[in-house]
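*Asks:* sequence unknown, structure follows:
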């Protein structure tokens, strides 16, 4: 039996033409390396059509549609130049685009550079302008160019019942991950809600515990800072010009953790010490009159790599007791007050505010030591803001020895502008007002009263006023 040939089983095999894939595929893919604006210098008329013919049939293209093939290049050039493209246009803007295209068109055809100029004017890509023009059937009258997006389009927001957070214990709300686990949602979803402001981050610091007796002492202290003549009709705080706040503070050579801003190719700095828990430090006695370090000067007993034996060394006093404080008050603080105090105010009493100090009267000056309420650091301007300001200045200078550290603190003290001291005293008075509002408790926030702005316009007061009804409530509470 004769085997049938392939030609008889596959009809018209000789006349069936297979396209050359190596040619057709290359022809169908646009060449992104060409200059998309080369049509400006070419001899092709923008009003004429370009015809490409191959074995698969005839296709007709318009010049402004061919430009869209290089849209990625245009957008990349715009991104490199810092031009930010809009993502969407409103219906009014789309109508304005269509009107401008109609004005620049000729029988439904756009001239050279029209698409690019309109796209540049509306800060969108050329592809967006081409889509709007195509949506109108290339300039057909009374065309609808409104977008087809509904109000409820795009990715749907994951619904989270934030009222459930109130029932979650605080110890399970310390991180985004822990809170997301308690809410049974994704961490990324909860983080986006945090960035949008639906939940907030709070840094909580432990505050001293106050008994009822402590609260009353705080209220009495705040009332004592009001001018007697202004009570009860127009209560206001005293100027506090004759008050000297003193306190002790440890100053460290460096901090355990520090933040630096480096270039991408810079090497990370390496800081070392023998123990992070024993960083070299020195305690200083600070007031607005001066800085008095608790140090001693001793001769080095042995030779080391840093100095030879017999060199005079500065060493900090690590144990500061009542006797040391008393000697510094009598030998350093009081003479400094007498030296710097204005002679015309020598007859007025001078109040030195510190904890647990005895009354002391010096020759020619009426100096009295008063005690602030216990567990009340924010009733002292040093703890309220002065220490933080001095430390921020001191950490800007590197220190490797006690002498260098003391010199850095002294320079920071001198560099602190005296005009900012008035701001801290106003903050102290505002804290006293908040203490009276919460009946002596420490559950309050330090208010912001825009002191810097008022100082720029010359309206910063020297003392604050207090509400007469609030003062009367405090009197009733104490009685």
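*Replies:* Happy to help now that I have it. All values derive from a computational prediction rather than experimental measurement. Numbering: from 1, shown residues only.

*Asks:* Could you count how many residues lie near the closest residue to residue 258 other than its chain neighbours?
*Replies:* Leaving out its chain neighbours, the residue that sits closest to residue 258 by C-beta to C-beta, 6 or more residues apart in numbering is residue 271, at 7.5 Å. For glycine as for every other residue, the C-beta is placed from the backbone atoms N, C-alpha and C. Using other C-beta atoms under 10 Å, residue 271 is surrounded by 8 other residues.

*Asks:* close enough to count as contact, residue 271 and residue 255?
*Replies:* No: using C-beta atoms under 8 Å, residue 271 is not in contact with residue 255, being 9.6 Å away.

*Asks:* okay, now residue 199: neighbour count?
*Replies:* Neighbour tally, residue 199, other C-beta under 10 Å: 17.

*Asks:* swap that for residue 128, sorry
*Replies:* Residue 128: 21 surrounding residues under other C-beta under 10 Å.

*Asks:* I'd assumed residue 219 was in contact with residue 478.
*Replies:* Yes: judged on C-beta under 8 Å, residue 478 makes contact with residue 219 at a distance of 6.0 Å.

*Asks:* Between the two, which has more neighbouring residues?
*Replies:* Using other C-beta under 10 Å as the criterion, residue 478 and residue 219 rank with residue 219 on top: 22 against 12.

*Asks:* Might you report the residue contacts of the more buried one?
*Replies:* Contacts for residue 219 (C-beta atoms under 8 Å, 6 or more residues apart in numbering) come out as 435, 436, 439, 440, 474, 477, 478.

*Asks:* I'd like the residues you listed written out as CSV, with distance to residue 388, pLDDT and secondary structure added.
*Replies:* Below are the contacts of residue 219 laid out as CSV (distance: C-beta to C-beta, whole Å; pLDDT from 0 to 100; DSSP: H, G, I helix; E, B strand; the rest coil):
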residue, distance to residue 388, pLDDT, secondary structure
435, 20, 95, helix
436, 25, 95, helix
439, 28, 93, coil
440, 25, 93, coil
474, 29, 94, helix
477, 32, 92, helix
478, 32, 92, helix
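
*Asks:* Let me have those residues in a markdown table, extended by distance to residue 111.
*Replies:* Compiled in a markdown table, the contacts of residue 219 are given as follows (distance: C-beta to C-beta, whole Å):
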| residue | distance to residue 111 |
| --- | --- |
| 435 | 76 |
| 436 | 76 |
| 439 | 79 |
| 440 | 80 |
| 474 | 81 |
| 477 | 83 |
| 478 | 87 |
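
*Asks:* Report whether the residue nearest to residue 258 is found in a strand, as I expect.
*Replies:* No: under the criterion used here (DSSP: H, G, I helix; E, B strand; the rest coil), residue 271 is coil, not part of a strand.

*Asks:* Start at 48, not 1
*Replies:* New numbering, starting at 48: the last item is residue 318.

*Asks:* So which bits of stretch 167-183 are buried?
*Replies:* Residues of stretch 167-183 classed as buried by neighbour count (16 or more other C-beta atoms under 10 Å): 169, 171, 172, 173, 174, 175, 176, 177, 179, 180, 182, 183.

*Asks:* Quick check: chain neighbours aside, which residue is closest to the last one?
*Replies:* Using C-beta to C-beta, 6+ apart and skipping the chain neighbours, the partner closest in space to residue 183 is residue 190 (3.6 Å).

*Asks:* Could you report the neighbour count for the one you found?
*Replies:* Applying other C-beta under 10 Å, we find 14 other residues in the vicinity of residue 190.

*Asks:* what do you get for residue 301?
*Replies:* For residue 301, the neighbour count with other C-beta under 10 Å is 16.

*Asks:* how about it, secondary structure?
*Replies:* coil.

*Asks:* Poorly predicted segments of the chain, please.
*Replies:* The model of the chain has pLDDT under 70 over residues 48-134, 188, 197-198, 332, 334-335, 403-411.

*Asks:* just the strands in it please.
*Replies:* 97-101, 104-108, 152-153, 156-157, 290-292, 294-299, 328-333, 338-340, 342-346, 359-363, 397-400, 414-417 (DSSP state E).

*Asks:* can you put those strands in a markdown table and add mean neighbour count and distance to residue 220?
*Replies:* Below are the strands of the chain laid out as a markdown table (neighbours: other C-beta atoms under 10 Å; distance: least, C-beta to C-beta, whole Å):
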| stretch | mean neighbour count | distance to residue 220 |
| --- | --- | --- |
| strand 97-101 | 11 | 65 |
| strand 104-108 | 9 | 61 |
| strand 152-153 | 14 | 61 |
| strand 156-157 | 19 | 59 |
| strand 290-292 | 20 | 38 |
| strand 294-299 | 17 | 32 |
| strand 328-333 | 20 | 35 |
| strand 338-340 | 19 | 42 |
| strand 342-346 | 11 | 46 |
| strand 359-363 | 14 | 41 |
| strand 397-400 | 20 | 39 |
| strand 414-417 | 17 | 42 |
